[in-house]
Every structure is written in structure tokens, then in C-alpha cells.
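Colleague: Sharing a model prediction with you, sequence too.
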Amino acid sequence: MPGIRLGAQLIAASFGASVYSGPAKEIGWYRVTLTARGRNDILFEGFPETFTVFQWHGRTFDLPENAVRLAGSDNYPNQAFRIGEHVWGLQFHLETTAGHVRRRLKENASELAGQPDLHPRAVLDGIAKYESRCSKMAVRLFGRFYALTLGTAAEQ
């Protein structure tokens with residue numbers, strides 16, 4: 001089961017970890033770095049060590065006791081984690097499309113108000129720079145997850 005953003009926060013909370021406001025909102029395109037365990041994780045294997053992803057959040061979480069940290073960033077050390085062999089949490093959005101980014105900016109513009117470091121133009125400019133690469137990584141990651149679910153179903 002992969003959980004993305006709120007899903008990752010809910011997974012962390014359901015395993016006993018705290019969820020709370022982060023140091024600053026991340027809205028836009030930010031770099032994340034895989035840990036050594038992340039570089040060897042079945043979903044992230046072959047990914048670049050550092051890559052840029054779309055983020056839209058202001059909350060974070062502690063890792064549950066039995067979780068393995070897979071990726072982090074400067075402001076949010078828990079960007080991706082795994083629990084056991086079938087549960088992953090991602091704080092970021094690999095699945096983002098240009099339409100999704102534009103819609104989020106239009107519908108949630110108030111979240112950028114009063115945030116001097118968050119610029120809608122930079123978020124929009126990031127689409128051309130990062131969307132295609134994120135899409136390719138999303139296909140790879142979610143394809144691997146799907147293959148795992150098929151393998152698990154076949155074993156039962």
C-alpha cells in the first residue's frame with residue numbers, strides 16, 4: 001500500500017508516530033535525496049540519488065518505530081519511508097501533471113499568501129523543467145509497486 005502526502009501522514013500516525021506542522025510550507029518543486037537504504041529499496045532502485053519532485057504540504061511526521069527512512073530533504077527529513085515489505089509512504093508527488101499543478105495553484109492560491117519564499121511563477125516554471133522526469137519516475141515506481149501486488153496475490 002503506498003500512501004502519498006496525507007496518505008503517508010496517515011500511515012505514520014496509524015503506526016503510532018506523531019504528525020505535526022513542519023518548519024515551513026513546501027509548495028512547488030523541491031529536491032529530495034535517497035538514503036543508502038532508499039537507493040537499494042525495490043521501488044527506488046535505479047533512481048538518481050537526488051531528484052526534484054512536486055510538493056504541496058506544511059505538515060510532517062515522525063517515523064514509526066519500525067519504519068525505514070528512504071528519502072529526505074533539508075526541511076523535511078521524512079520524505080519517503082517503508083514499513084515491512086508492503087507499505088510505503090511518500091510525502092511528495094511523483095504523479096503530478098501540469099494540469100494538477102495549475103489547478104492546485106488556482107484553487108489554493110491563498111496558501112501562498114504571506115509566504116515570501118513561495119512564488120506561483122516558480123511553481124509554474126517548474127512544470128517544463130521537472131514534470132516529464134517525474135512522470136517517468138512515477139511510472140517506474142508505481143509499476144514496480146503494482147508488480148509487487150501481483151506477486152503477493154499470486155503467492156496467496
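Modeller: Thanks, I have it. The structure displayed is predicted, hence computed values, not measured ones.
Colleague: Quick check on the residue nearest the centre of the chain: phi, psi?
Modeller: In the chain, the centroid-proximal residue (C-alpha atoms, centre = their mean) is F92; its distance is 2.0 Å. Here is the backbone geometry of F92 (degrees, to the nearest 10): phi -110, psi 170.
Colleague: In contact with the spatially closest residue to it that is not a sequence neighbour: list those residues for me.
Modeller: Excluding the flanking residues, the one nearest F92 by C-beta to C-beta, 6 or more residues apart in numbering is V53, at 4.0 Å. (Glycine included, C-beta is placed from N, CA and C.) Neighbour list for V53: 29-32, 92-94, 96, 130, 134 [criterion: C-beta atoms under 8 Å, 6 or more residues apart in numbering].
Colleague: ok, and V53, which helix or strand is that part of?
Modeller: strand 50-61 (DSSP states H and E).
Colleague: surely A67 meets F81?
Modeller: Yes. With contact defined as C-beta atoms under 8 Å, A67 reaches F81; the gap is 4.5 Å.
Colleague: Please, which helix or strand holds G46?
Modeller: Per DSSP H and E: G46 is located in neither a helix nor a strand.
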